[in-house]
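Enquirer: Please find the sequence and the predicted model below.
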Amino acid sequence: MADKHREHRIELTMITREFRIFLVLFTSIIALSGCQNQWQIAVLTNGKGVNTLSKKDVSFYIEKSVEEIEVIPLGQMLFASGFTLVDEITLRCKDDEVRAFIWDEIAEQSTISKKGEVMINAESCYPTEMNISPSALAGEIEYSIMDISPTVADALDLPQLPDAIGKSLITDTYIWEHAVMILMDGVQYDQLSEMIDDERLTFLGSHGELTQGLTVYPPITTSSSASLLTGAPPIETGIFGHGYRSTALTILFDLAFENGKTVTAIEGTSLPFNLRNAETSLSGDQDGNGYSDDNVFLNSMDVILDQMPDLLYIHFHEIDDMGHSYGPESAEYASALIRVDGYLSQMFEALPDNTFIAIFSDHGMHTTTDGGNHGTLMANDLIIPILLLTK
Ligand SMILES: [Zn+2]
Ligand SMILES: [Zn+2]
């Protein structure tokens, strides 16, 4: 009996010892991988600390994405840290190697993962420090896409949008009978002002003062439209990227409708965003000539002449389409702008007196190897034209 007991005890001791060894190994593996998961990047500007990035910041955007993604653009984290236009970025990698880049040259090819790994042009770095030199232009540009709806609300004497951080750009208290918002999709500010200087845009070059504004990140139609119509940033609208088409926040059209105003929205071939509380008409390419802006224009003229609402929203798409296909410096892109400039001129003539007009773009466009694109944290994508006119 005694022997049996001892055997049993020895067995038990062995199990406990094995189990202890296992426990020690297991916890050290967990601890080690935990260490790898916990990382911090000090974000500095001109040598001064402004922010710290950690796994939870990157995970937030990866998990919010409607697409299955492993990494996010580094630009997303720069925008979240309060940067818009950036000149240079310097990374201090774990091995203490320091790498400096002109931001615009790497903006499209730089990503960050949940592990804190930054990939730039397929080269890996685990930064401990990221020093960012903002562009001087960022401080000079005063207007934002988020100011446009608060301005229009002000022009029509509507209450302010509840979630807006944008501000009305109107300084007087005059109340306009009608307001028109004209969205020219994908207009690059530099290209537009160059064409105005070359006297290729008769209307835009001779009416009012064209100003620069900043759109939000990502500079794509959906997130820009959400911030345009709410006056709120993407972190509030919940529209971080492709795929989302509606925001839960109050949009300008909700506000107009609640206050008894009529709203009409004229779109192209599809509805890129939920324009609720607006009488919406899709223009399409009704005449089958390959273009839809001419149909948007004709529909707009019908509405202006027959049933001008209190608030009219018009969206021209083709400049963006030509930009994607041929690039913002192409003749096709210039022609699309010239066509819209002509439509603007005729619409302006037809508009009733006592109308406030906001003409703007949702984002810009940059040149790529096979045409153009937008959606990147870079000047050409983020800077938009804003032109306020009255009649
Ligand atoms: Zn767009
Ligand atoms: Zn586009």
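Expert: Yes, it's here. Here the structure is a predicted model, which means the values were calculated and not measured. Numbers count the residues shown, from 1 in each chain. Ligands and ions are numbered 1, 2, ... in the order given.

Enquirer: now whichever helix or strand G139 is part of, how far from the chain's geometric center?
Expert: When elements are defined using DSSP states H and E, G139 is found to belong to helix 136-140. Once both centres are worked out by CA atoms, centre = their mean, to the nearest Å, helix 136-140 turns out to sit 18 Å from its chain's centre.

Enquirer: What's the mean pLDDT across it?
Expert: Taken as a whole, helix 136-140 carries a mean pLDDT of 92.

Enquirer: helices or strands up against the helix or strand following it?
Expert: If you walk from helix 136-140 toward the C-terminus, the next helix or strand you reach (DSSP H and E) is strand 143-144. Strand 143-144 sits against strand 211-214, with contacts defined as 3 or more CB pairs under 8 Å, 6 or more residues apart in numbering; DSSP states H and E. Using the backbone N, CA and C atoms, a C-beta is placed for each residue, glycine as well.

Enquirer: Tell me, how many residues neighbour the residue nearest to L282 when sequence neighbours are not counted?
Expert: For L282, ignoring the flanking residues on the chain, the nearest one in space by CB to CB, 6 or more residues apart in numbering is E267 at 5.3 Å. Counted by other CB atoms under 10 Å, the residues lying close to E267 total 24.

Enquirer: Ok, Y61 next?
Expert: Y61 - counted by other CB under 10 Å - has 19 other residues nearby.

Enquirer: hmm, back to that, can I get the helix holding G139 in PDB, CA atoms only?
Expert: Below are the C-alpha coordinates for helix 136-140, written out as PDB (Å, rounded to 0.1, in the frame of the first residue of the first chain):
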ATOM      1  CA  ALA A 136       3.700  76.400 -44.500                       C
ATOM      2  CA  LEU A 137       0.700  76.300 -46.900                       C
ATOM      3  CA  ALA A 138      -1.300  74.400 -44.200                       C
ATOM      4  CA  GLY A 139      -1.300  77.500 -42.000                       C
ATOM      5  CA  GLU A 140      -2.200  79.800 -44.900                       C
END
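
Enquirer: which residues does the one residue in the stretch 101-250 of the chain that gets nearest to ligand 1 contact?
Expert: For the stretch 101-250 of the chain, the residue closest to ligand 1 is T221, as judged by CB to the ion, at 3.3 Å. Contacts were defined as CB atoms under 8 Å, 6 or more residues apart in numbering; by that measure T221 touches D185, P272, F273, D320, D362, H363.

Enquirer: Need the max-distance pair from those.
Expert: The widest separation within those, taken as CB to CB, falls between F273 and D320 and amounts to 13.9 Å.

Enquirer: Taking the stretch 251-391 of the chain, what residue is nearest to ligand 1?
Expert: For the stretch 251-391 of the chain and ligand 1, the shortest gap (CB to the ion) falls at D362, measuring 4.3 Å.

Enquirer: Could you pull up the residues touching that residue?
Expert: By CB under 8 Å, 6+ apart, D362 lies in contact with I145, L183, D185, G186, T215, P219, T221, S224, S225, L228, I384.

Enquirer: Just the ones of those in helices?
Expert: Cross-referencing the contacts of D362 against helices under DSSP state H gives T221, S224, S225, L228.

Enquirer: ok, so of those residues, who is nearest F316?
Expert: Nearest to F316, judged by CB to CB, of the ones in helices among the contacts of D362 is T221 at 12.2 Å.

Enquirer: What distance do you get for that closest one to T151?
Expert: Note on T221: its distance to T151, by CB to CB, to the nearest Å, is 20 Å.

Enquirer: Surely the residue nearest to L282 and E279 touch.
Expert: No - with contacts defined as CB atoms under 8 Å, E267 does not count as touching E279, sitting 11.4 Å away.

Enquirer: now the helices: where do they sit in the stretch 251-391 of the chain?
Expert: Across the stretch 251-391 of the chain, reading from the start of the chain, the helices by DSSP state H, counting those that start in this stretch fall at 252-258, 293-306, 318-326, 331-350, 379-382.

Enquirer: Need those helices in JSON lines (columns: mean pLDDT, mean neighbour count and distance to ligand 1).
Expert: Conversion of those to JSON lines gives the following (pLDDT from 0 to 100; neighbours: other CB atoms under 10 Å; distance: least, CB to the ion, whole Å):
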{"stretch": "helix 252-258", "mean pLDDT": "97", "mean neighbour count": "21", "distance to ligand 1": "18"}
{"stretch": "helix 293-306", "mean pLDDT": "96", "mean neighbour count": "18", "distance to ligand 1": "13"}
{"stretch": "helix 318-326", "mean pLDDT": "97", "mean neighbour count": "22", "distance to ligand 1": "5"}
{"stretch": "helix 331-350", "mean pLDDT": "98", "mean neighbour count": "18", "distance to ligand 1": "13"}
{"stretch": "helix 379-382", "mean pLDDT": "98", "mean neighbour count": "26", "distance to ligand 1": "10"}
